[in-house]
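> Got a predicted model here, sequence first, then my questions.
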Amino acid sequence: MTDPQKPGVDTFWESADAEGSGQDPIERELDERLDALTRYRQLIAEADANGREEIAAILVKQHDREQETVNRLRRALQRRRDRMS
């Protein structure tokens, strides 16, 4: 049963964990964030194409914040790999 207080992605990954997902949590989060970046780029292109400059500007800011998170996750993965080698 899903918890109405949790976003769908969180609920999905909790289920995957309970079922024994072997994916690294940082890699999993990175994959989700990369998907979000792709969606932002699509939304920005649509907003631009429809003359919605204000919406595009808001989406660009959100995209940039998401990109910062992706960069942090990539650095965290690299640090983990460096420690393991």
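Thanks, I have it.

> Pull out the buried residues from the helix or strand where residue 78 lies.
For residue 78, the enclosing helix or strand under DSSP states H and E is helix 53-84. Going by neighbour count (16 or more other CB atoms under 10 Å), the buried part of helix 53-84 is 56, 59, 60, 63, 66, 70, 73. Yep, even glycine has a C-beta here, placed from its N, CA and C like the rest.

> host element of the closest residue to the first one other than its chain neighbours?
It stands for residue 56. Closest residue to residue 56 apart from its sequence neighbours, by CB to CB, 6 or more residues apart in numbering: residue 47 at 3.9 Å. Residue 47 is located in helix 25-49, with elements delineated by DSSP H and E.

> list the buried ones in that helix?
Of the residues in helix 25-49, those buried by neighbour count under the rule 16+ other CB under 10 Å are 28, 29, 30, 33, 36, 37, 40, 43, 44, 47.

> Can you spell out which helices and strands pack onto it?
Contact partners of helix 25-49 among helices and strands, from 3 or more CB pairs under 8 Å, 6 or more residues apart in numbering; DSSP states H and E: helix 53-84.

> Now do the helix it packs on against helix 25-49, angle only.
Between the axes of helix 53-84 and helix 25-49, defined by axes from the mean of the first three to the mean of the last three CA atoms, to 10 degrees, the angle is 160 degrees.

> for helix 53-84, packing partners?
Using 3+ CB pairs under 8 Å, 6+ apart as the contact definition, the elements that helix 53-84 packs against are helix 25-49.

> quick check, distance from the helix it packs on to the centre of its chain.
For helix 25-49, the gap between its own C-alpha mean and the chain's C-alpha mean amounts to 7 Å (CA atoms, centre = their mean, to the nearest Å).

> residue nearest the centroid of the protein?
Residue closest to the mean C-alpha point of the chain, counted by CA atoms, centre = their mean, is residue 33 at 1.5 Å.
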